[in-house]
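S.K.: give the three-dimensional model of this entry:
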Amino acid sequence: MRYLPDSHRTTYADIVGMVAPGSELHEGLENILRAKTGALILVSDSEEVIGLMEGGFHIDTPFTPAALYELAKMDGAIILSTDGKRILYANTQLHPDPSIPSSETGTRHRTAERVAKQTGALVISISQRRNLITLYKDDWKYVIKDVSVTLAKANQALQTLEKYRTVLLEALADLTAMEFEDTVTLYDICVVIQKDQLLNKIADEIENYITELGTEGRLVEMQLVELMADVQDQGLLVIEDYLDDNTKTSKDVFEELRKLTSEEIVELTSIAKILGYSGSMNALEQTVPSRGIRLLSKIPRLPKNVINNIVDAFGGLNQLLDATIDDLDDIEGIGEVRARAIQEGLRRLKSHAVLEKQKGAVAQLAD
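M.R.: Numbers count the residues shown, from 1 in each chain. The predicted structure is shown next:
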């Protein structure tokens, strides 16, 4: 989930979720919007906010949508507690620093933007003429869209996600076949990670839509969970297999990759550098051995600590494939039964990889 650029590190989900369908605040805002009265609502009870106020009424009453709607009929701003559960003041005037730059034209929106920049508080402005709800926080601005518009975008994003998921699964199947053949290059690794990161960016976008949709987004959320179920951790496992930088963990690298823009992730050399390899084009052609973590994770009932013990003992997938039952039995956490299960599991994965590769070759010939 993306973060807003503020000193309090308030999440996007916290802010947009507060006004999403299903929330009491959303109901109150919708009532104001339909009545075309307009409103300026400040969600903060900090001393800095109180210092910007002049006049009005001190109410300090529990929040209800009906109360918010009635108070919005007056011209002044409404002040809510930081958690949005109480209405503190109504019909008050706000006087932010006029030297703070604002790109807005209307008085209400200009005041909202300046107050948000000055205090870091969440400010909600409802336009009387344009029939829009706009959120401001620090330098961040967000216009709330109609549910039908957001839902249409979410469904379109789900279709895109499904296509990217298919592409990623195909790339992972190719990688598995190459790992058993010991022909994996850094280029192949970076391509898989690139596809995984693009998939995750789409998933992040859908999560934002789900937040905006509130109670209307349950079906979208169910579809997202289903589509991501078998690919959720695959990128992280690939990083664990091929990370070449002892100063970073796989999670550190994954988060660093997540910060790349869609344009930056297209550059495979950028991915190679983050993994700890040289960023030259020639480096992408080098063969890189797998540690075997991703393949071992596919074997049922094999705990993470046992997988780590296997990788530490053998050092790589090639050595593991040559291991005997006795070799595996000597590793902590593995008995003879589990050793046989590991060997059988790897054999099944190899057979499946060969079969998928043959299917792919036949499909290419048919095309």
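S.K.: for the biggest helix by length in the chain, name the packing helices and strands.
M.R.: The single longest helix within the chain, with elements called by DSSP state H, is helix 147-181. The helices and strands touching helix 147-181, judged by 3 or more C-beta pairs under 8 Å, 6 or more residues apart in numbering; DSSP states H and E, are helix 186-213, helix 218-228, helix 234-242, helix 317-321, helix 336-366. C-beta coordinates here come from the backbone N, C-alpha and C atoms, glycine included.
S.K.: looking at the ones you listed, which is buried most?
M.R.: Each of the helices and strands packed on helix 147-181 was scored by mean neighbour count; the highest is helix 234-242, a mean of 23, by mean count of other C-beta atoms under 10 Å.
S.K.: hang on, the earlier thing: for the helices and strands packed on helix 147-181, which one sits closest to I15?
M.R.: I15 sits nearest to helix 186-213 of all the helices and strands packed on helix 147-181, at 9.1 Å, using C-beta to C-beta.
S.K.: ok and that closest one relative to helix 234-242, angle-wise?
M.R.: Going by axes from the mean of the first three to the mean of the last three C-alpha atoms, to 10 degrees, helix 186-213 is angled at 150 degrees with respect to helix 234-242.
S.K.: from here on, call the first residue 32.
M.R.: Renumbered: residue one is now 32, and that last one reads helix 217-244.
S.K.: pLDDT on helix 217-244, on average?
M.R.: Taken as a whole, helix 217-244 has a mean pLDDT of 95.
S.K.: kindly report the same for stretch 44-52.
M.R.: What stretch 44-52 shows for mean pLDDT is 89.
S.K.: same check on stretch 125-144?
M.R.: Taken as a whole, stretch 125-144 has a mean pLDDT of 93.
S.K.: I164 is in contact with A143, correct?
M.R.: No - here A143 does not reach I164: they are 11.0 Å apart, not a contact under C-beta atoms under 8 Å.
S.K.: got any residues that touch both of these two?
M.R.: 155-156 (C-beta atoms under 8 Å, 6 or more residues apart in numbering).
S.K.: who's more crowded, these two?
M.R.: Counted by other C-beta atoms under 10 Å, A143 and I164 do not tie: A143 has more neighbours, with 28 against 21.
S.K.: quick one: that one from Q389, how far?
M.R.: 62 Å (C-beta to C-beta, to the nearest Å).
S.K.: next one: C221
M.R.: Plainly put, C221 is 26 Å away from Q389 if you go by C-beta to C-beta.
S.K.: what strands flank the longest strand along the chain, and is each parallel or antiparallel?
M.R.: For the chain, the strand that runs over the most residues, judged by DSSP state E, is strand 117-125. Take DSSP bridges as the rule and strand 117-125 pairs in its sheet with strand 84-85 (antiparallel), strand 88-93 (antiparallel), strand 108-111 (antiparallel).
S.K.: report the buried residues of it.
M.R.: Across strand 117-125, burial judged by 16 or more other C-beta atoms under 10 Å covers 118-123, 125.
S.K.: after it, next one along is what?
M.R.: Next in sequence after strand 117-125, counting helices and strands by DSSP states H and E, comes helix 138-150.
S.K.: list the contacts of stretch 45-57.
M.R.: By C-beta under 8 Å, 6+ apart, the list of residues contacting stretch 45-57 reads 35, 60, 74, 94-96, 99, 115, 153, 155, 164, 166, 168, 173, 175, 178, 239, 242-248.
S.K.: which of the strands paired with strand 117-125 sits most buried?
M.R.: Comparing those by mean neighbour count (mean count of other C-beta under 10 Å), strand 108-111 ranks first with a mean of 26.
S.K.: put the alpha carbons of that one into PDB.
M.R.: Output in PDB follows, covering the C-alpha atoms of strand 108-111 (Å, rounded to 0.1, in the frame of the first residue of the first chain):
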ATOM      1  CA  ALA A 108     -15.800  25.000   8.700                       C
ATOM      2  CA  ILE A 109     -16.500  21.900  10.800                       C
ATOM      3  CA  ILE A 110     -13.800  20.500  13.000                       C
ATOM      4  CA  LEU A 111     -13.800  16.800  13.800                       C
END
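S.K.: gap between that strand and the chain center?
M.R.: 32 Å (C-alpha atoms, centre = their mean, to the nearest Å).
S.K.: quick revisit: turn the helices and strands packed on helix 178-212 into CSV, including distance to S130.
M.R.: Shown next, in CSV, are the helices and strands packed on helix 178-212 (distance: least, C-beta to C-beta, whole Å):
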stretch, distance to S130
helix 217-244, 33
helix 249-259, 43
helix 265-273, 47
helix 348-352, 63
helix 367-397, 64
